[in-house]
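Q: this one's structure only:
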């Protein structure tokens, strides 16, 4: 009995002191590559106070001038009369920067949008193969969960793919159904359900492989219990991401490489 007890203690100590294997151990190094490509997406208007308004997250792809985000993030109509423009914000060399961008493409069905920087470019992320993603795999996503309140410091979360399910959230009663939801229920496409807590500002954050840094999805919504305010005060811990295959399709349609 004493021998078994000693063996158990030895196993426990080895387990506690063993290094982390797999992708998790690569995350600190990978973040050095990922974070420079992450931007806060918003609008800027010279006569407004504050001049800059945060809308969501985005990330650079292709030639570094293309920014992918969600269609719902840039869905607002700009106040052209007061010179409102889309812009991206990021921190580089201990300084905060802003670049003006134009909305060049949207895919409402898959909640995707492309912004193009008028000037400058950023390090770009590579789009991976979402068709190879399996339930139970560990990934990470980086973005601005509560906007620019705490400054331009991207936040990273880890998450497993808890399910690959149709892009339709069940409703409790038929009165909650609308035409758009009925259409989705009839011909849904698959999305990644995550076991991580994302917040409204995470919309547009890249979901990426911790080992390769390749993007396999984009965060687009959070399952909210009750009112929208609960997304911050009482998060459900269930988030969703659009597979990267739809990003590739949009890029191909616009001949962006």
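A: Great, that's in hand. Being a predicted model, the structure only gives us computed values, none of them experimental. Numbering: from 1, shown residues only.

Q: So which residues of the stretch 101-250 of the chain form helices?
A: Here the stretch 101-250 of the chain has its helices, by DSSP state H, counting those that start in this stretch, at 179-186, 230-233, 245-253.

Q: In terms of mean pLDDT, which of those helices ranks lowest?
A: Ranked by mean pLDDT, the helices of the stretch 101-250 of the chain end with helix 230-233 at the bottom, a mean of 40.

Q: Per the annotation, how does this structure divide into domains?
A: Domain segmentation of the chain under automatic domain parsing yields 32-117, 130-253.

Q: how far does the first one sit from the chain's center?
A: Relative to the mean C-alpha coordinate of its chain, domain 32-117 is positioned 14 Å out (C-alpha atoms, centre = their mean, to the nearest Å).

Q: do the same with the last one
A: Averaging C-alpha positions (C-alpha atoms, centre = their mean) puts domain 130-253 7 Å from its chain's average.

Q: got the end-to-end distance for that domain?
A: For domain 130-253, the first-to-last residue distance is 18 Å (C-alpha to C-alpha, to the nearest Å).

Q: avg pLDDT for stretch 64-81?
A: Mean per-residue pLDDT for stretch 64-81: 96.

Q: Ignore what I typed, I meant stretch 138-154.
A: Taken as a whole, stretch 138-154 has a mean pLDDT of 90.

Q: Out of the domains of the chain, which is closest to residue 26?
A: Among the domains of the chain, the nearest to residue 26 by C-beta to C-beta is domain 130-253 (5.5 Å). Heads up, the C-betas are built off the backbone N, CA and C, glycines and all.

Q: Residues touching stretch 89-98, excluding its own?
A: 36, 38-42, 44, 52, 54, 87-88, 122, 148, 151-153 (C-beta atoms under 8 Å, 6 or more residues apart in numbering).

Q: quick one: residue 79 from residue 38, how far?
A: To residue 38, residue 79 is 27 Å away according to C-beta to C-beta, to the nearest Å.

Q: if you count what's nearby, which of those two comes out ahead?
A: In this view residue 79 and residue 38 are compared by other C-beta atoms under 10 Å, and residue 38 has more residues nearby, 28 against 13.
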